[in-house]
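**Q** need a structure here:
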Amino acid sequence: MDDYPLLNLFWTMLWFFLWVMWFFLLFKVITDIFRDHSLGGWGKAGWLILVLVLPYLGVLVYLIARGRSMHERDAKQVQENEQAFRAYVQKAAGPGAGGSSADELHKLAALKDKGDITQEEFDRAKAKLLV
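**A** Next up, the predicted model:
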């Protein structure tokens, strides 16, 4: 352990961390290039060649030129994923899970007829359903 002081270990870990972060950023940029629907084929090819041939300069230029739209595409992707998830959950829950307004009104009417709820409670619940 005397051959490798603690400061050298720190520097090695720092460089390794930066190296991993660099690859993460490189893959993020390449993914964004292919995800962008506003770029044509030649635009995608040009950015990809720039990023692969001159990686440090290419990624830096890409982030400066298209960083803001990169964030917007990320936000749009998250929103689309969330909508797809909600649609899947609603589909998986089936029609009986949530029920329609008519079904809910029928249940409320049955509760009112049995005397479990008052007319006032029925009217409030009905107003909530119909809004």
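**Q** helices or strands up against the lengthiest helix in the chain?
**A** For the chain, the helix with the greatest residue count under DSSP state H is helix 55-93. Packed against helix 55-93 by the contact rule (3 or more Cβ pairs under 8 Å, 6 or more residues apart in numbering; DSSP states H and E) you find helix 6-35, helix 41-53. Glycine gets a C-beta too; all of them are placed from N, C-alpha and C.
**Q** Go through the last one and flag the buried ones.
**A** It stands for helix 41-53. The neighbour-count check on helix 41-53 (16 or more other Cβ atoms under 10 Å) flags 47-48, 50-51 as buried.
**Q** Would you mind giving those residues as TSV with distance to Met21 added?
**A** Formatted as TSV, the buried residues of helix 41-53 follow (distance: Cβ to Cβ, whole Å):
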residue	distance to Met21
Trp47	21
Leu48	21
Leu50	20
Val51	16
